[in-house]
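**Student:** The sequence and its predicted three-dimensional model are supplied below.
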Amino acid sequence: MDEDDYEKHKLEFMTNKIIKNSDEIKFIEKSTTLQSECELWHRERRIRLTASHFGIICKLRPSTFRVNTIKSILHNTFRGNEHMKYGIECEPFAKTEFEKLSGFKIQDSGLFIHEQLPYLVASPDGLIDTNGIVEIKCPSSIKHLTPKEAIETGKLKFATLDSQCNLQLKTSDKYYFQVMGQLQITQRMFCYFIIWSPKGIIYQKILRDDNVFETKIKLSLEKFYFEAMLPELIDSRIDRNRCLHIDINLTPEQIALFKYAPIIACDVERSFSQYKSILRSNRWMFIFENY
């Protein structure tokens, strides 16, 4: 597909599938409260970036090729395991216990689409009144510990305890990026981040921080979606066993590798597969857009 065709298909894709008016956004949210059991939830979600991926994307280095990340988002064959099943089964217990302790009533949540950035979506684990959400983690690895014990012993790495033993989600962790994204997309003000085990529960109220989203999240998501994910959605190359359409800014060190390392495969003009070594994990596959 040449550049003119791509731009035409891109406009059609964004207009017909991604951009939604406020009524459509509300309808989708209200119609998808069954989440993974709802076909509409899957259909609208699979063509957008979900908040659960924000941390992974924002932590990508500029020199890191996006191929594996795109594959994990768009072509993931993972259908769950015993750890995921455990988390799903325990979530209702966590909700019930949180409601008893906090006095809040958790409402079901559907798929939220960001009105200004409609390629971003979020599905919180629940809603509180009109201004809050909840995000629940029930790690199977701590089923024999209280959450506080799991944090103190280093079993849980994504959180710490302050001097009063209150939960503190690490702001460098992917779950923090997930929460910031959820709050921005739902346009709600706070999230109760909950960790539950059969031995206990702990939670933290996290406030929305627009500055964090604007300075640490938004640009990375926009760049990833429009430069890496959208081209694959419009003209999938992975389905045809071809390398991805990715505009790469090579570092001087990487350019040197191309100058001195052998290219051992070439499928079409300007498309190369090059090995730094024979190890599959080091394979580089891409299309040159700037060279």
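**Tutor:** Looks like it arrived, so ask away. Numbers count the residues shown, from 1 in each chain.
**Student:** Domain parsing of the protein, as residue ranges.
**Tutor:** Residue ranges for the domains of the chain, per automatic domain parsing: 3-221+227-231, 247-291.
**Student:** N81 - how many residues pack around it?
**Tutor:** Close neighbours of N81, defined as other C-beta atoms under 10 Å, add up to 9. Just so you know, the C-beta spots here come from the backbone N, C-alpha and C atoms, and that holds for glycine as well.
**Student:** What is the helix or strand where L127 lies packed up against?
**Tutor:** Here L127 is covered by strand 126-128, with elements defined by DSSP states H and E. Strand 126-128 is packed against strand 106-107, strand 132-137, with contacts defined by 3 or more C-beta pairs under 8 Å, 6 or more residues apart in numbering; DSSP states H and E.
**Student:** Please name the strands paired to that strand in the sheet, noting orientation.
**Tutor:** The partner list of strand 126-128 in its sheet, established with DSSP bridges, is strand 106-107 (antiparallel), strand 132-137 (antiparallel).
**Student:** Skipping its backbone neighbours, what lies nearest C38 in space?
**Tutor:** In space, not counting the residues next to it along the chain, C38 is nearest to T32; the distance is 4.9 Å by C-beta to C-beta, 6 or more residues apart in numbering.
**Student:** rewinding a little: kindly reformat the helices and strands packed on strand 126-128 as TSV and extend each row with distance to S220 and mean pLDDT.
**Tutor:** Below are those laid out as TSV (distance: least, C-beta to C-beta, whole Å; pLDDT from 0 to 100):
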stretch	distance to S220	mean pLDDT
strand 106-107	31	98
strand 132-137	20	98
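**Student:** For the stretch 51-200 of the chain, give me the ranges with low pLDDT.
**Tutor:** Counting by pLDDT under 70, the low-confidence segments of the stretch 51-200 of the chain come to 78.
**Student:** Where do the strands of it begin and end?
**Tutor:** 106-107, 112-113, 120-122, 126-128, 132-137, 159-161, 167-169, 190-197, 200-207 (DSSP state E, counting those that start in this stretch).
**Student:** between these, which one is nearest to F98?
**Tutor:** With distances scored as C-beta to C-beta, the stretch of the strands of the stretch 51-200 of the chain nearest to F98 is strand 190-197 (5.6 Å).
**Student:** how about the CA coordinates for the closest one, as CSV?
**Tutor:** Listed in CSV are the C-alpha atoms of strand 190-197, where the atom choice follows Å, rounded to 0.1, in the frame of the first residue of the first chain:
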residue,chain,number,x,y,z
PHE,A,190,-10.2,9.4,42.1
CYS,A,191,-9.4,5.7,42.1
TYR,A,192,-9.4,3.3,45.0
PHE,A,193,-6.6,0.9,44.2
ILE,A,194,-7.3,-2.3,46.0
ILE,A,195,-5.1,-5.3,46.8
TRP,A,196,-7.0,-8.3,48.2
SER,A,197,-6.1,-11.8,49.5
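**Student:** related to what we said a few turns ago, number of residues surrounding the residue nearest to C38?
**Tutor:** Neighbourhood size, T32 [other C-beta under 10 Å]: 25.
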